[in-house]
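Chemist: Predicted model and sequence follow; I will ask about them next.
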Amino acid sequence: MAACISTPPSASLSLSSEIFSSRRHGRNNLSWSSSFPNIKISTTSSTLSSLNFTPNQGFVVQAAWTRRSRGEAAKKPNKKSWKQKTDMYMRPFLLNVFFSKRFVHAKVMHRGTSKVISVATTNAKDLRNTLPSLTDNNACRVIGNLIAERSKDADVYAVAYEAKKNERIEGRLAIILDTIQANGIIFV
């Protein structure tokens, strides 16, 4: 962003020699506008009246870079926030857990590519025949162990879990998450 002042060809301007003096001797201000040198302009009085320029007016146009206001957000509702844009890269692996009346399903998938890294379900043939109940606490521990083991085999050691709206992390869900964490997977 640049400010431009046009002067008539007959006007004479002279710049002061103290362009960088504020950096050497003085202020410890770390704001954006303080990074620009102070330029003192001396002109004749006829030049100031022709430019409509007052001596106390700043030379650099200062702009503030802030977040979008509520009005702007309402005008563009589909624009994603910074967290929404970067969360996929900061926490790429997501754990999904689903409880039905008959089974427990869990999977770890990559957010960016939607590739499934590991899956465990009590509906699998080997678990369906060996477990006495497919939805109890013991089944949840088995699912947690399988997810952790299969994720490690795929070189995934950090997983994110996002609870749904009004979802509490307790009961069978807490058992699955604690078992996964006890087997060496880090939750981010």
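Modeler: All right, it came through fine.

Chemist: alpha carbons only for contacts and neighbour counts from here, please
Modeler: Noted.

Chemist: can you pull out the helices in the chain?
Modeler: Under the criterion DSSP state H, helices of the chain are mapped to 21-25, 45-51, 70-75, 82-90, 125-130, 137-153, 172-182.

Chemist: In TSV: the ones you listed, plus mean pLDDT and mean neighbour count.
Modeler: Output for the helices of the chain, formatted as TSV (pLDDT from 0 to 100; neighbours: other C-alpha atoms under 10 Å):
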stretch	mean pLDDT	mean neighbour count
helix 21-25	46	12
helix 45-51	54	12
helix 70-75	69	10
helix 82-90	85	11
helix 125-130	94	12
helix 137-153	97	21
helix 172-182	97	19
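
Chemist: can you tell which of these is closest to residue 98?
Modeler: helix 172-182 (9.1 Å; C-alpha to C-alpha).

Chemist: Please tabulate the helices of the chain in CSV and include distance to residue 159 as additional columns.
Modeler: Formatted as CSV, the helices of the chain follow (distance: least, C-alpha to C-alpha, whole Å):
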stretch, distance to residue 159
helix 21-25, 48
helix 45-51, 63
helix 70-75, 31
helix 82-90, 11
helix 125-130, 24
helix 137-153, 9
helix 172-182, 10
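
Chemist: Quick one: closest of the ones you listed to residue 116.
Modeler: The nearest among those, by C-alpha to C-alpha, is helix 137-153 at 10.2 Å.
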